[in-house]
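Student: have a look at this prediction, sequence included:
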Amino acid sequence: MDTKKILSNLDLALAGVAFVILIVVTFGGVIMRYILSSPLAWAEEVQLWMFLWITFLGAGAAFRYGSHVAVEIVYEILPVKVKHVMDYINYIIVMLILLYLMFLGFDLLALMAKIGKTTAILRIPTMFINAVIPICCLIMMVSFTYTNRALFKKGQWQKEHDAKAAELAANNAAGAAIAAEEQGTASANTSSSVQAETNDSTPAEKRI
């Protein structure tokens, strides 16, 4: 077992655990409510908690794996040097937003600790539940910096850009080949159908 790999994906593992808990609690809540007529009063609290943790824990992993939605139509037609500058700008904007959210998260934790707020039924301190917000903002900053490390290494960005361009070209070529093959197959099937209809209609014409 690769301990380093597990630790580097700890947030993803915790998000998976939270997802399993969400499914179990939701399924159990349905059974208890509609079959045993004894609803779980605390189920909704746990579900909201798990949703929050899944969202923020999964966001950090999504930064590492490049899974966040990106609209690259305009980006792809830009010159290489402009792309490089745009990547720097994108990195700065994302880091500033995450930094701002992290400070807001810490302010929220300070407020929750000050008033001693807890959940209504399980009496779990909301500070503990909301702690995932600033912690995961920090994880997202680290993950985003890791995925963009080529920006800070001379020549590395160009190598990765060329590799991505080559991969995209290969994928486009493969897609075009598959489309052409499917079109050829469709044309052949159409021709066969027309030929079969012609053969079927010939005897009738002769009888007429």
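Tutor: Cool, the structure landed. In this text, all values refer to a predicted model and were calculated from it rather than measured experimentally.
Student: show me what the helix or strand harbouring residue 27 is packed up against.
Tutor: Taking DSSP states H and E as the definition, residue 27 sits inside helix 10-34. Using 3 or more Cβ pairs under 8 Å, 6 or more residues apart in numbering; DSSP states H and E, the elements in contact with helix 10-34 are helix 43-65. All C-beta spots, glycine's among them, are computed from the backbone N, C-alpha and C.
Student: what pLDDT, on average, does the helix it packs on get?
Tutor: Averaged across helix 43-65, pLDDT comes to 88.
Student: what does it contact?
Tutor: 9, 11-12, 14-15, 18-19, 21-22, 25-26, 28-29, 67-68, 119-122, 124, 129-130, 132-133, 135-137, 139-140, 142-144, 146-147 (Cβ atoms under 8 Å, 6 or more residues apart in numbering).
Student: which among those residues end up buried?
Tutor: The neighbour count (16 or more other Cβ atoms under 10 Å) marks 9, 11-12, 14-15, 18-19, 21-22, 25-26, 29, 119, 129-130, 132-133, 135-137, 139-140, 143-144 as buried among the contacts of helix 43-65.
Student: give me the neighbour count for the closest residue to residue 83 other than its chain neighbours.
Tutor: Distances taken as Cβ to Cβ, 6 or more residues apart in numbering place residue 75 nearest to residue 83, at 6.5 Å, with adjacent residues excluded. For residue 75, the neighbour count with other Cβ atoms under 10 Å is 13.
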